[in-house]
Every structure is written in structure tokens, then in C-alpha cells.
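**Student:** pasted the sequence and its predicted model underneath.
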Amino acid sequence: MRISAVIPTRGDVDVQPIVDHLKSYSQIDDVWIFKGDTPFNRYIGARTLSAHPTIFTQDDDCITDIGPLIEAYECGVIVNAMTPEHAAQYPGRQTLLGFGAMFDRSLIDVLDGWEHDALFMRESDRVFATLNPHKSVFPKIKILPHAFADNRLYRQSDHIPARDAINQRIFERTGIRA
């Protein structure tokens, strides 16, 4: 299996340790850093830059042992890395992608036709993770210090209202509850 990696970042942190870690896996021979201020960049990068149909993505604030994700990979399913503490916060159809996720590039098609307004651009991971099946694995994850910076989406005052608004939009559009 050949895997393309796409790492979205604002560009304000050193991602080289993540890149070096990813390149230590023989399956990953295509790594892209996509700068911008939206998580949606992971999907743009996966569609426009990646050489392979199997995608790995993660945020720029952790280093994850992706061996368990590779082992658990299943066509048509998002395989994502979690900690038990974070898994408890995602009891429904949604899941967290930031610690690492592997999926087929074709799964991104569920995002087609959505209005790319500010809410969608901020919460596209929730749409993607809700509308595709997923399974979580629990590998070793090193959370980097900048994961706790004030500019992280989960630390912003509109985090919960944005989550609730996109979940309502998902339900209104698809009938699926997150």
C-alpha cells in the first residue's frame, strides 16, 4: 500500500518533526504540508496534491504511531487515531481526525455540494466524519505543546456553538444525527 500524507497547518509551528516521523513509514512516500487557516485544506490537499488514493492526515500538533492505523485500514472506512479520553467525547457518528486518520480519497466526495461558507470551512471535519463510517484505534500519540495554544479551534469561544450549528446543518441536509 502506498499512502499520501496531507498535513494542514497555519504555518506558525515547525512541522518537520511530523514530516520526519511520517517518512519513517515505508508506505508513506508522498507528504504535503498545506498552509492555511481551515481544516478543509486537508481535503483540498488530498484531492489536488496527493499521488495515492489512500490518504493519511493529521493536525500539526501531535506525533502519532500510525502503524495501528495502517494495520486497521479498511476500504471505504475512515480509520482514526484516538485517546480513550477523547473517544469518550465522541459517542455518536462523529469522530476526531486530528490525531490521525487514514481513508480512501474517494470518501471526500461526501463534501461535494456543501456551501463553503465560514461554518463549513471551520467544521468540515465534522461533516466528513459524520457522513462516512469510521473505526477508531488507540495508538501511541504524543501531543505537542502548541496543541494547547489559544489559536487552536477547540480553544476558541465559538467552538461549541459552531459544533452545534454544523451538526444541525448536517441533520437538516441528510437526516443524520451526529
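**Tutor:** Yep, it's here. Numbers count the residues shown, from 1 in each chain.

**Student:** flag the shaky bits of this structure, pLDDT-wise.
**Tutor:** For the chain, the stretches with pLDDT under 70 are 148, 155.

**Student:** tell me the helices and strands packed up against the lengthiest helix in it.
**Tutor:** Of all segments of type helix in the chain, defined using DSSP state H, the longest is helix 159-174. Here helix 159-174 touches helix 118-131, going by 3 or more CB pairs under 8 Å, 6 or more residues apart in numbering; DSSP states H and E. From N, CA and C alone the C-beta is placed, and that goes for glycine too.

**Student:** list the contacts of the helix it packs on.
**Tutor:** With CB atoms under 8 Å, 6 or more residues apart in numbering as the test, helix 118-131 has contacts from 38-40, 42-43, 78, 80, 93-98, 107-108, 110-111, 114, 153, 162-163, 165-167, 169-170, 174, 176, 178.

**Student:** again, 6 Å this time
**Tutor:** With CB atoms under 6 Å, 6 or more residues apart in numbering as the test, helix 118-131 has contacts from 38-40, 93-95, 97, 110, 114, 162, 165-166, 170, 178.

**Student:** closest to L49 among those?
**Tutor:** Closest approach between the contacts of helix 118-131 and L49, by CB to CB: F40, at 13.9 Å.

**Student:** that closest one and P84, how far apart?
**Tutor:** Distance, F40 to P84, using CB to CB, to the nearest Å: 28 Å.

**Student:** so between those two, which is more surrounded?
**Tutor:** F40 (22 against 8; other CB atoms under 10 Å).

**Student:** how about that one, what does it touch?
**Tutor:** Residues near F40 by CB under 6 Å, 6+ apart: 121, 124.

**Student:** do the same with I28
**Tutor:** By CB under 6 Å, 6+ apart, I28 lies in contact with 3, 5, 22.

**Student:** identify the bridge partners of it.
**Tutor:** I28 forms beta bridges with I3, as assigned by DSSP bridges.

**Student:** equivalent analysis for the one 5 residues further on, please.
**Tutor:** In this entry, I33 is beta-bridged to I7, by DSSP bridges.

**Student:** helices or strands next to the strand or helix carrying L69 in the packing?
**Tutor:** Counting by DSSP states H and E, the element that carries L69 is helix 67-72. Counting contacts by 3 or more CB pairs under 6 Å, 6 or more residues apart in numbering; DSSP states H and E, helix 67-72 packs against strand 134-137.

**Student:** right, and the helix or strand after the strand it packs on?
**Tutor:** Using DSSP H and E, the first helix or strand after strand 134-137 is strand 141-143.
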